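1. sequence and computational prediction follow.
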Amino acid sequence: MADINKKKETGQKENEEEQEKGRGVRFITALCILLVVVNFSTWWLLKSSQETTEDAVYGVSSLYLEELTMQKANQFTDTMKSEIRQLLVTIHALRESDLADQKSMQSFIGQMKNNNDFDFFALIDEHGTVYTENESFPGISKFQFPERDFTEPAVSFDQSIGNENLVLLTVPLEGRSLDGSGLIAASVGIDADTVSDRLALSQSDGRSFSNVVMADGSYVIRTYHMHMPENTNLFSLLERDAEFTNGTSAKGWKEDMKAGKPGMAVYELQDVLHYTYYMPIEGTDWFITTTLHYDLISRNVDVIRTTLTRNSTIQLILILFVLCALFAVYLSMQKRNQRLHFEKLQAEEGSKAKSAFLSNMSHDIRTPMNAIIGFTNLAVKHAEDAERTRNYLNKILASGNHLLALINDVLEMSRIESGKLHLEETECNLLEVLDGLNSMIFGQAQDKQLELAMDAVHLAHAEVYCDKLRLNQMLLNLLGNSIKFTPAGGKISVLVEETGGAPEGFGSYVIRVKDNGIGMSPEFAAKVFTPFEREKTSTVSGIQGTGLGMAITKNIVDRMNGTIEVVTAPGQGCEFVIRLRLRLREGAAQAAGAGGSEKQRGFGQQDTAEIPENKPEFSGRRILLAEDNDLNREIAAEILEEAGFEIEEAEDGGTALEKVRASEPGYYDLILMDIQMPVMDGYEASRAIRSLENRELAGIPIIAMTANAFEEDRKAALEAGMDGHLAKPLDLDMLFAVLEKMLR
């Protein structure tokens with residue numbers, strides 16, 4: 001037995017020794033492999049350092065030259081733009097008297113040339129004739145202008161004017177003529193040497209320099225180069241004498257320049273290595289080239305080589321590789337998270353926009369519908385009372401008209417946004433448009449005791465071509481807004497002016513619609529042309545509107561290629577300024593003034609529904625009705641009073657809060673709270689009531705009674721501390737059932 005145990009112990013010990021020996025062999029093997037890898041990587045690094053250095057030099061040179069060339073190109077472009085601006089200022093000074101005849105015009109050309117220190121200045125007419133200060137040339141073929149139609153500013157190069165190499169800047173010229181021939185362009189020439197001096201294209205004693213060349217290798221601006229003779233085509237010389245390296249070639253260079261692509265070429269010329277970066281110049285067919293001699297950057301080569309040699313161990317390379325890999329993974333995850341966050345924000349914005357649109361539409365449609373249904377039921381119930389029924393029917397008609405206006409505005413916006421709104425230009429007399437507006441607006445302005453003035457001053461041409469229907473719609477929208485937001489005794493004016501500066505056959509017009517009403521805040525003025533936007537103040541709240549009229553007006557003005565702006569301040573009224581360019585009718589008549597008056601649109605919005613025959617009796621119960629719309633309060637109060645309630649009213653949430661705070665516990669049995677109100681909306685008012693120190697007052701039942709009828713609106717009401725939610729138009733059976741349940 002002892003021998004057996006001894007044998008087992010001996011076998012176990014031998015097994016452990018073999019395992020230990022195996023671990024040692026594996027460790028030595030791993031160490032040898034690691035040493036081999038380190039030695040091999042060090043040898044590989046030393047061997048490849050020269051290649052890496054050259055690549056680094058090429059990369060650093062490319063980056064440096066690209067930045068330097070970009071700066072030079074931007075300097076050149078800025079210089080050309082500055083000269084073009086100076087040229088535009090010069091031709092802006094051209095007056096009709098300067099074009100009385102050719103002599104006057106050439107005198108102007110000479111004066112401008114001397115005043116602005118131009119090397120060359122000329123005007124070109126539609127027949128191609130070029131006029132300078134001393135002579136004219138029949139045809140532009142003598143000069144290297146970029147094109148014949150002169151539709152936009154252009155830059156070109158000319159060696160045919162005197163003995164100078166000129167950079168020509170040409171800009172279109174409109175609305176000017178000489179002896180019946182239209183002047184179509186103005187051109188100024190700048191000596192190429194002057195441009196070179198301004199840009200300082202040469203430096204470092206000829207070992208660093210820039211040139212401006214054409215795609216075929218011809219020079220526009222040339223600086224000194226010790227290895228190139230003067231007046232030599234760039235590509236001709238390089239193809240003959242240069243040896244290209246680093247995978248570059250003269251052929252590739254030429255192809256890049258023909259394609260308008262930037263790049264870099266490395267070549268040896270007269271035993272000197274050159275690095276040249278080339279880049280297209282904006283607005284021209286030219287390229288700017290920047291060249292460095294290798295010896296300017298050779299001092300950096302040793303630093304790069306030393307740095308690469310120091311990195312002699314594979315461990316450091318592996319560590320750097322792992323770190324880079326981890327960093328790359330981190331960046332990838334960050335980019336992915338940022339993309340997901342951005343997509344989430346986009347989805348949320350889209351959802352908010354959709355919800356806002358549906359909420360606005362629900363509220364603006366349900367409100368007049370509620371009035372129509374409620375007053376119809378009241379009219380049926382009181383049919384024997386003719387005066388009362390007539391009053392209800394008038395309110396039904398007004399609400400129906402408001403609903404129709406809303407539907408029309410929504411459909412109009414739909415047509416505009418779908419691109420189906422098309423303008424039809426017809427013959428139109430602007431004075432007749434004003435007279436028509438006067439006829440439509442006079443009655444409403446008079447009813448509201450508003451003073452309306454319409455005038456057409458400095459109107460030389462009243463006969464134009466435009467879409468008269470859309471012009472009327474645009475002005476009626478503006479005037480309707482002025483009437484709605486101008487109190488009795490206010491003033492509204494429409495002023496039409498014709499200004500100068502329009503091309504031949506067209507007229508520039510400014511239309512100003514001004515009132516001294518309540519005005520707008522700067523914040524709302526910035527978004528007044530956004531659909532469904534209405535300023536939420538106590539003054540504006542009771543005035544009905546869809547919030548689409550200004551958006552429709554803005555779209556019509558845009559379709560007419562005009563502009564519209566608003567000048568306003570709270571309490572100082574509004575002035576809408578429209579600028580249009582309209583085509584004139586032949587034989588346009590002289591205009592006179594016009595005068596007139598205004599018109600009012602819109603009506604109240606109400607809430608109610610079908611009145612049941614048998615309803616519960618609530619005598620002795622008192623309800624606080626918080627509603628900012630007068631007609632809504634009138635309908636709700638009458639229905640509730642007929643059911644036996646005593647009603648007290650509040651025009652906004654702030655007033656409702658103060659009434660509750662000032663009351664004794666038990667004075668109010670229940671609160672019916674609208675949501676969209678000025679000063680304090682229904683949500684804020686409910687939260688404030690629930691926060692009152694007197695817990696009996698804080699516990700008064702509150703029911704939301706609102707046209708915000710979506711599920712999220714119901715949840716928002718409950719989250720604000722309300723006890724129930726009733727959507728407009730009201731179902732009176734449900735109303736009385738909820739009231740009975742709350743008061744039980």
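-> Perfect, thanks for sending it.
2. and the strands in the stretch 1-150 of the chain?
-> When assigned using DSSP state E, counting those that start in this stretch, the strands of the stretch 1-150 of the chain occupy the ranges 120-125, 130-131, 136-137.
3. can you list the strands that the second one pairs with?
-> Pointing back at strand 130-131 there. Sheet partners assigned to strand 130-131 using DSSP bridges are listed as strand 120-125 (antiparallel), strand 136-137 (antiparallel).
4. can you list these in TSV and add mean neighbour count, distance to I564 and mean pLDDT?
-> For every residue, glycine as well, the C-beta is placed using N, CA and C. Written out in TSV, the entries for these read as follows (neighbours: other Cβ atoms under 10 Å; distance: least, Cβ to Cβ, whole Å; pLDDT from 0 to 100):
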stretch	mean neighbour count	distance to I564	mean pLDDT
strand 120-125	24	37	85
strand 136-137	15	45	80
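5. so which of those comes closest to D681?
-> With respect to D681, and counting by Cβ to Cβ, the nearest of the strands paired with strand 130-131 is strand 120-125 at 65.9 Å.
6. what lies in contact with that closest one?
-> Strand 120-125 is contacted from outside by 90, 105, 109, 112-113, 130-133, 140, 145, 150, 161, 164, 166, 168, 170, 173, 178, 181-190, using Cβ atoms under 8 Å, 6 or more residues apart in numbering.
7. still on that earlier bit, which of the strands paired with strand 130-131 sits closest to K741?
-> Taking Cβ to Cβ as the criterion, strand 120-125 is the member of the strands paired with strand 130-131 that comes nearest to K741, at 87.8 Å.
8. flag the shaky bits of the stretch 551-700 of the chain, pLDDT-wise.
-> In the predicted model of the stretch 551-700 of the chain, residues 587-616 satisfy pLDDT under 70.
9. now the strands for it?
-> 563-568, 574-584, 622-626, 646-650, 670-673.
10. rewinding a little: now the contacts of strand 120-125: which count as buried?
-> Using 16 or more other Cβ atoms under 10 Å as the burial test, the contacts of strand 120-125 include 90, 105, 109, 112-113, 130-133, 140, 145, 150, 161, 164, 166, 168, 170, 173, 178, 183-190 as buried.
11. I372 is in contact with G400, correct?
-> Yes - with contact defined as Cβ atoms under 8 Å, G400 and I372 form a contacting pair (5.9 Å).
12. give the contact list for V220.
-> Under the criterion of Cβ under 8 Å, 6+ apart, the contact partners of V220 comprise F157, N165, V167, A192, V212, V213, M214, W286.
13. how close does the third one sit to E255?
-> Using Cβ to Cβ, to the nearest Å, V167 is found at 26 Å from E255.
14. of those two, who's got more company?
-> In this view V167 and E255 are compared by other Cβ atoms under 10 Å, and V167 has more residues nearby, 26 against 12.
15. I'd assumed S187 was in contact with that one.
-> No - in terms of Cβ under 8 Å, V167 does not count as a neighbour of S187; the distance is 10.7 Å.
16. where in the stretch 351-500 of the chain is pLDDT low?
-> If you take pLDDT under 70 as the line, the stretch 351-500 of the chain has these spans: 351-364, 367, 401-421.
17. ok, 90 please
-> Within the stretch 351-500 of the chain, the segments meeting pLDDT under 90 span 351-426, 432-461, 467-490, 499-500.
18. quick one: the helices in the stretch 501-650 of the chain?
-> Taking DSSP state H, counting those that start in this stretch, the helices of the stretch 501-650 of the chain run over residues 522-525, 538-541, 549-559, 630-642.
19. looking at these, which is nearest to A698?
-> Closest to A698 of these is helix 630-642 (Cβ to Cβ; 23.3 Å).
20. lovely, talk soon.
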